[in-house]
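J.: Sequence first, predicted model second:
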Amino acid sequence: MKPNCHPERKHYAHGLCKRCYMSARLRNMKITDPEKYRIQHIDGRKLRRYGLTFEQYDQMYVDQNGLCAICETPLVKHCRGTNIDHNHLTGENRGLLCDACNWGLGHFKEDVKILQRSIEYLTKRGSACG
């Protein structure tokens, strides 16, 4: 990074604005300690978005026995494939879901009527699982 990276911003003694300084720190952490980077940066950002602490997230994981709340496939704690499901109207967190179930709810617009019609459709036409 060169000094005065963004002339319109306040610069520190090291010649970088706060944004560039923090980016450099994160890049360095990503290289020197990738696990710490993943937990603090990626997971921390995701948890803050949903108003959870690491302890609350870990408790949700334990309460669900490390399984998706819908299909019960094993989840990897603090992994991008593990999603925090929440009610889009109230913001209330509901549980942890795998990517497929999270996307499925999204595609069905979280609408119970649509999901019920889907169940009826699969019951009449036969599903792949039996």
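T.: Yep, it's here. Numbering: from 1, shown residues only.
J.: Could you find the closest non-adjacent residue to residue 87?
T.: residue 94 (6.4 Å; CB to CB, 6 or more residues apart in numbering). Bear in mind the C-beta positions are built from the backbone N, C-alpha and C, glycine included.
J.: Does that neighbour touch residue 63 like I think?
T.: No: if you go by CB atoms under 8 Å, residue 94 and residue 63 don't touch, sitting 11.8 Å apart.
J.: tell me which helix or strand of the chain sits lowest on mean pLDDT?
T.: Using mean pLDDT, DSSP states H and E, the weakest-scoring helix or strand in the chain turns out to be helix 34-37, at a mean of 78.
J.: and the next element down the chain from it?
T.: Proceeding N to C from helix 34-37, the next assigned helix or strand is helix 44-49, under DSSP states H and E.
J.: what's that following helix packed up against?
T.: Identification of packing neighbours for helix 44-49 by 3 or more CB pairs under 8 Å, 6 or more residues apart in numbering; DSSP states H and E yields helix 54-63.
J.: Enumerate the positions of stretch 81-95 that are buried.
T.: Applying a neighbour-count criterion of 16 or more other CB atoms under 10 Å, one finds 82, 83, 84, 85, 86, 93, 95 buried in stretch 81-95.
J.: No more questions from me, cheers.
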